[in-house]
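Sequence and computational prediction follow.
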Amino acid sequence: MTAQEQAERVVGKLAELGVPCSLLSVTEGPQVARAELEPGDGVRMHDTRKLSRSDDLAYALGATHVRIVAPVPGRSAFAVEWDRADRRTITLDDLPDAGWPLAPTIGLDVDNKPVIAYLPDAPHILIAGQTGAGKSVQLHAILCALLRIAGPNKLRLVMVDPKRVEFASYDGLPHLAAPVASDTETAVGQLRGVVENMERRYRLLETLGARNWADGNDALARLDRDTLPYVLVVVDELADLMMTSRKEVESLIVRLAQKGRAAGVHLILATQYPTANIVTGLIRVNVPTKVCFAVPDMTASRVILDRNGAESLLGRGDGLLSFGGLPPVRFQSAYVSPEEVTETVSRWTKVSA
Ligand SMILES: Nc1ncnc2c1ncn2[C@@H]1O[C@H](COP(=O)(O)OP(=O)(O)O)[C@@H](O)[C@H]1O
Ligand SMILES: [Mg+2]
């Protein structure tokens, strides 16, 4: 069955279920196909939302995961998305190169368009999802995309990996301000160091008469002095830090999140625990960009995105990206293998050796 045929089945099935509608468009992304539908006379959005709880559609489509988007933001239409039988793995080579400054393409949307996380505008990212959903792969994809284009004079990394599983292969990178922090005490120490660095940058910007980091770098360049690299803090498993010293870690993160952007300091925090004691209210508000991969239930989806939806994702890099509470965009993240990480890192370690 082609996606078009499946979409026609959706229309037929919906009519049977008492939700008449007409087909507006069909698109196919790497992981899902999507039909946009115009509700027939007398159909309310509320009626379409209920469909997400029925198995009939999935059965008619031969799909395992059906997701209803009602309404499609800004339109009087709704959408049905289902998993493709021939789901495609995408890699960094399928994506446009990262833009500079700090604009990694994180994947392709359901129309195969690149989805970009532009950090200067949306300076910090929270990545959530259950184990195996694709968080660590997403971090590697962002890091490798940036490492393809940015040397240590442009990008400094602070990496925290309390489980010691993900970031070991980055050790030795000249971009690292300090070795990858693999225990929580070292990690908290490094976060304190970043806060101090940020405060120093604020004082420097003041003496330069610059309003922000970009102006400051222009001023430094005019004075023939070294410019300030971006600082990117990447944490793979925020929970480990929060469980050790919640109050201090929360307050360090909130300070960096609130004041970081103007000083060129950015955060990416990943967690498999979308619960209020890890992703606290303060962290949620101050880290407005959310990437949510598959989660076990609607409650978890709401903690991260303020709405349902992530509970119907497929896993393995099928994600929703949301900026500051805007309706999320569904995308498939790029797969980066451990070998590719090692390869990317070794290009830099060879240079600096
Ligand atoms: N974008 C992706 N494309 C294809 N497979 C993926 C992708 N992301 C994750 N996977 C698969 O899922 C596994 C678990 O992903 P991982 O990022 O380690 O999950 P998490 O960190 O959320 O527990 C990976 O080893 C890989 O096999
Ligand atoms: Mg992981």
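Done, it's in. Since we're looking at a predicted model, the values are computed, not measured. Residues are numbered from 1 along each chain as shown. Ligands and ions are numbered 1, 2, ... in the order given.

The residue of the stretch 1-150 of the chain found nearest ligand 2 sits in which helix or strand?
Nearest residue of the stretch 1-150 of the chain to ligand 2: Ser136, at 3.3 Å (Cβ to the ion). All C-beta atoms are positioned from the backbone trio N, CA, C, and that covers glycine. Ser136 is part of helix 135-149 when elements are defined by DSSP states H and E.

Same check on Pro327?
Applying DSSP H and E, one finds Pro327 in no helix or strand.

Just give me the neighbour total for the nearest residue to it once chain neighbours are set aside.
Closest residue to Pro327 apart from its sequence neighbours, by Cβ to Cβ, 6 or more residues apart in numbering: Pro73 at 4.0 Å. Number of residues near Pro73 (other Cβ atoms under 10 Å) recorded here: 10.

Please apply the same query to Phe331.
As a measure of burial, Phe331 has 25 neighbours, counting by other Cβ under 10 Å.

So it belongs to a helix, correct?
No: counting by DSSP: H, G, I helix; E, B strand; the rest coil, Phe331 is located in no helix; its state is strand.

So the residue nearest to Gly132 when sequence neighbours are not counted versus ligand 2, what's the distance?
Leaving aside its sequence neighbours, Gly132 sits nearest to Gly315 (Cβ to Cβ, 6+ apart; 6.1 Å). Taking Cβ to the ion, to the nearest Å as the measure, Gly315 falls 12 Å from ligand 2.

ditto for Phe331
According to Cβ to the ion, Phe331 stands 18 Å off from ligand 2.

how about the helix holding Ser136 against ligand 1, any contact?
Yes: against ligand 1, helix 135-149 shows contacts by Cβ under 6 Å from any ligand atom at 135-137.

Can I get that helix in CSV? Just the C-alpha atoms.
Written as CSV, here are the backbone C-alpha positions of helix 135-149 (Å, rounded to 0.1, in the frame of the first residue of the first chain):
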residue,chain,number,x,y,z
LYS,A,135,18.5,11.0,23.6
SER,A,136,22.1,10.1,23.5
VAL,A,137,22.2,9.6,19.8
GLN,A,138,20.7,13.1,19.4
LEU,A,139,23.4,14.5,21.6
HIS,A,140,26.1,12.8,19.5
ALA,A,141,24.4,14.1,16.4
ILE,A,142,24.5,17.7,17.7
LEU,A,143,28.0,17.4,18.9
CYS,A,144,29.4,15.8,15.7
ALA,A,145,27.5,18.3,13.5
LEU,A,146,29.1,21.2,15.4
LEU,A,147,32.6,19.5,15.6
ARG,A,148,32.5,19.2,11.8
ILE,A,149,32.6,22.9,11.5
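
starting at the chain centroid, how far to it?
In terms of Cα atoms, centre = their mean, to the nearest Å, the gap separating the centre of helix 135-149 from the centre of its chain is 11 Å.

try stretch 175-189
Distance of stretch 175-189 from the chain centroid (Cα atoms, centre = their mean) equals 22 Å.

can you check stretch 258-268 too?
Relative to its chain's centre, stretch 258-268 lies at 17 Å (Cα atoms, centre = their mean).

what comes into contact with it?
Residues from elsewhere that reach stretch 258-268 (Cβ atoms under 8 Å, 6 or more residues apart in numbering): 102, 119-120, 123-125, 127, 139, 142, 194, 197-198, 201-202, 205, 211-214, 217, 228-235, 253, 256-257, 286-287.

Since that was my last question, I'll sign off now.
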